[in-house]
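J.: Have a look; sequence and predicted model below, questions after that.
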Amino acid sequence: MRRLLFAALLAGLLPAFASERQQRFAFALPEAEGRISLGVFDSTGTLRRTLYVSAAESDFTIGLNGLVASWDGRDDFGQPLPAGQYRIRGYLVTDDLKAEGIAYHFNDWVDDENAPRITRIDDFRKQPGGLVVLAQSLNDPHPLVFRFDQLRGFLWTTSLGAAVPPGTVAEEATGEPRYHLAQLPQVNDSSSSTKKRLLATTEHYAAVLVPDMLYLLDMNAGTVIGTQANKFPQMECLAGSQDALVLGIETGLTTIALPSLEMSGELDAPIPFDALAVNGQQMLGASASYWQVWGATDSKWEQLPLTIAASSLSFGFGDTFWVTAIDEKDGKPFTGQFNKHGEFLRSYRDEFLPVRVCASTAIEEIAVLEKSGATQRLRVLSLGATSTNSPGEWVVDFEKVIQSCENFGIVKGKLVADAGTVPQIDHVEVSLSAGGLSASAQKLAVRVTSDHAGLWLATKSGLRLAFLASQPNVRRVVLEFRPDKKMLIVYAGDGAVVAEYAVKGLGTIVEIDAGEVELP
């Protein structure tokens, strides 16, 4: 009963208490036009309450002495602030302050805000005019598959975070798929002890094999048209022929029919392969641990006279094939072309280390995935002709680079992917505008913050002034001030790419002072 009486008494006092602490204030509007941000600061200059962020003049009441607003005496967490003196001030940001996107750095796959945030390439296959790539992407633990055309860009992207229930196959790729990605249950491969992810392609399909699941995608649309539980978790290599997949396991080779995904047979192999290529009735297999390469026509295997540790194999133009391998003679990795008898023809070497090669069987063209430390590079190269009969130097027709850039920064005036322990600028001082009311020589310390929506220009104390750009999931911001151009350069990284913005019009910010209020 006492509790009920106390609660009733308190309820009766709260409106009077709230009304007593409600503070009305007015401020003169500068002659400039723009958006208004206001905050409540305590005696130490700490921002205790954000009242308005980028508000319009219509958001306020027009009074005799300017614009009128009120404050309920609470902080940003809704808690009553202690009694005392508080100052209400803020800034007007004119429409002359604008942020312009300049460039993306350290990830050539990202060229606009809608591009997938690819962080690493696991596997790829070359297709006429482009590539099919198996990759990892930012904020998604599931494999990402995409088809990229060298002229048209991304044709489709598919995250394998959802899939058709195991054992089901959709209609033929020429018809309407029975299942759509957004409607399907999630399949997570994170529980497996191995993380090996493999890709194979045919004219009509792309197949992705992860430890727990085999996915079949339509090559034209990128839709998942079938899945099958992976019965061979210790898979080593995968290749695609016209109507089947060939899977290399420890005990030999297994074929899987397309598009049914049913096991259609087993093939003998002379040794366990960890690299495989198929071209019609021809097959190539290699083992890095055995330092052997084998070739077969109609399943009749013959060891080739090569002593290399091959990490990938691909049939090439004419009766040739390509490898990425380590040479036993000098212990150095290389990308090399051989004829069908295993005789060396030519090589492609660079300061980057080769990981995988995919060659064209129609022309002298190869695509090579390479690495240098934490940097990956995917190139498409062709042989330039020095005469009508002899090939010349390698010509780079296409190139995309991914650099690890989580610790990017400015070092000696240059943006670098890894700034080490070099301190970075997190705020700058800009000159305020007088706003047409009086002369002003004041400075304002500003920084750039981020939330789920994107980037904000804010005061060093934390009052947000203006929205700059839509870039979610920003993890790191580095600033570079160019006072000669009155421009702030903002570098914002999300872990996959660093976006560069130029902020102009900083000298048009006008200070607003609504004076002090006494909070009882």
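T.: Cool, the structure landed. Numbers count the residues shown, from 1 in each chain.
J.: My guess is residue 459 contacts residue 448. True?
T.: No - applying CB atoms under 8 Å, one finds residue 459 not in contact with residue 448, separated by 11.1 Å. Just so you know, the C-beta spots here come from the backbone N, C-alpha and C atoms, and that holds for glycine as well.
J.: Now do stretch 323-342: distance to the chain's middle.
T.: Centre-to-centre, stretch 323-342 and its host chain are 34 Å apart (CA atoms, centre = their mean, to the nearest Å).
J.: Counting neighbours, which bits of it end up buried?
T.: By 16 or more other CB atoms under 10 Å, the buried positions in stretch 323-342 come out as 323-327, 333-338, 342.
J.: contact partners of it?
T.: Contact partners of stretch 323-342, identified using CB atoms under 8 Å, 6 or more residues apart in numbering, comprise 275, 286, 288, 291, 293, 295, 304-314, 316, 319-322, 344-349, 353-357, 359, 366, 368.
J.: how long is that stretch from one end to the other?
T.: Taking CA to CA, to the nearest Å, the first and last residues of stretch 323-342 lie 11 Å apart.
J.: Centre-most residue in the protein?
T.: For the chain, residue 117 is the residue whose C-alpha lies nearest the centre (CA atoms, centre = their mean; 1.7 Å).
J.: Got the domain ranges for the protein?
T.: Under the assignment automatic domain parsing, the domains of the chain span 2-87+513-519, 98-102+406-511, 108-352.
J.: Who does the host helix or strand of residue 314 pair with, and is each partner parallel or antiparallel?
T.: For residue 314, the host element (DSSP states H and E) is strand 308-315. Taking DSSP bridges as the criterion, strand 308-315 forms sheet pairs with strand 320-327 (antiparallel).
J.: so how far is the strand it pairs with from its chain's centroid?
T.: 31 Å.
J.: which element follows that strand toward the C-terminus?
T.: strand 333-339.
J.: quick check, residue 58 in a helix?
T.: Yes - assessed by DSSP: H, G, I helix; E, B strand; the rest coil, residue 58 belongs to a helix.
J.: Contacts only, for it.
T.: No contacts exist for residue 58 under CB under 8 Å, 6+ apart.
J.: list the contacts for the closest residue to residue 266 other than its chain neighbours?
T.: What sits nearest to residue 266 in space, not counting adjacent residues and going by CB to CB, 6 or more residues apart in numbering, is residue 254, at 5.5 Å. The contact partners of residue 254, taken as CB under 8 Å, 6+ apart, are 232, 246-247, 263, 265-267.
J.: I'd like to know which of the residues you listed is nearest to residue 507.
T.: Set against residue 507, the nearest of those by CB to CB is residue 247 (64.8 Å).
J.: how big is the angle separating the strand holding residue 314 from strand 333-339?
T.: Relative orientation of strand 308-315 and strand 333-339, computed by axes from the mean of the first three to the mean of the last three CA atoms, to 10 degrees: 50 degrees.
J.: now strand 308-315, how far from the centre of its chain.
T.: Relative to its chain's centre, strand 308-315 lies at 30 Å (CA atoms, centre = their mean).
J.: Next, the residues that contact it from outside, please.
T.: By CB under 8 Å, 6+ apart, the surrounding residues in contact with strand 308-315 are 274-277, 279, 282, 284-289, 291, 293, 321-328, 336, 354-359, 361, 366.
J.: filter those residues to the buried ones?
T.: 274-277, 282, 284-287, 293, 321-327, 336, 354-359, 366.
J.: isn't residue 130 right up against residue 149?
T.: Yes - in terms of CB under 8 Å, residue 130 counts as a neighbour of residue 149; the distance is 4.0 Å.
J.: Who has more neighbours out of those two?
T.: Legend: neighbour count by other CB atoms under 10 Å for residue 130 and residue 149, higher for residue 130 (19 against 13).
J.: What's opposite the more buried one in the beta bridge?
T.: Here residue 130 sits in beta bridges with residue 127, residue 149, going by DSSP bridges.
J.: so who does it touch?
T.: 147-150, 155.
J.: what's the lowest-pLDDT member of the residues you listed?
T.: Lowest pLDDT among the contacts of residue 130: residue 150, with 90.
J.: Distance check, that one against residue 368.
T.: As judged by CB to CB, to the nearest Å, residue 150 and residue 368 stand 15 Å apart.
J.: These two: who's more crowded?
T.: residue 368 (26 against 11).
J.: what about the more buried one, which helix or strand?
T.: Per DSSP H and E, residue 368 falls inside strand 365-372.
J.: now the angle from that strand to strand 320-327?
T.: Using the same axes, to 10 degrees, strand 365-372 lies at 20 degrees relative to strand 320-327.
J.: For the stretch 151-300 of the chain, just list every one of the strands.
T.: Using DSSP state E, counting those that start in this stretch, the strands of the stretch 151-300 of the chain run over residues 153-159, 198-201, 205-209, 213-218, 224-229, 237-240, 244-249, 252-257, 263-267, 275-279, 282-287, 292-297, 300-303.
J.: May I see those organised as CSV, with distance to residue 413 added?
T.: CSV is the format used below for the strands of the stretch 151-300 of the chain (distance: least, CB to CB, whole Å):
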stretch, distance to residue 413
strand 153-159, 33
strand 198-201, 41
strand 205-209, 44
strand 213-218, 46
strand 224-229, 48
strand 237-240, 47
strand 244-249, 51
strand 252-257, 56
strand 263-267, 60
strand 275-279, 45
strand 282-287, 48
strand 292-297, 50
strand 300-303, 57
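J.: looking at those strands, which is closest to residue 110?
T.: strand 153-159 (10.7 Å).
J.: Span of stretch 251-261 from start to end?
T.: With CA to CA, one end of stretch 251-261 sits 20 Å from the other.
J.: mind listing what's buried in it?
T.: 253-256, 258-259, 261.
J.: Could you export those residues as TSV, including pLDDT and distance to residue 418?
T.: TSV is the format used below for the buried residues of stretch 251-261 (pLDDT from 0 to 100; distance: CB to CB, whole Å):
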residue	pLDDT	distance to residue 418
253	92	43
254	91	43
255	92	45
256	93	43
258	94	44
259	94	45
261	92	43
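J.: tell me the two of these that are most distant?
T.: It's 253 and 259 that sit farthest apart of these, by CB to CB, at 20.0 Å.
J.: Return the list of helices and strands in contact with the strand holding residue 368.
T.: strand 118-127, strand 353-359, strand 375-385 (3 or more CB pairs under 8 Å, 6 or more residues apart in numbering; DSSP states H and E).
J.: now do 6 Å
T.: Where contact means 3 or more CB pairs under 6 Å, 6 or more residues apart in numbering; DSSP states H and E, strand 365-372 is packed against strand 353-359, strand 375-385.
J.: Which of the contacts of residue 130 sits closest to residue 463?
T.: residue 148 (43.4 Å).
J.: Hmm, the closest one is touching residue 129, no?
T.: No - between residue 148 and residue 129 there is no contact, the gap being 9.7 Å when judged by CB atoms under 6 Å.
J.: still on that earlier bit, got the angle between the strand holding residue 314 and strand 292-297?
T.: 30 degrees.
J.: tell me the angle strand 308-315 makes with strand 118-127.
T.: Using the same axes, to 10 degrees: strand 308-315 against strand 118-127 is 60 degrees.
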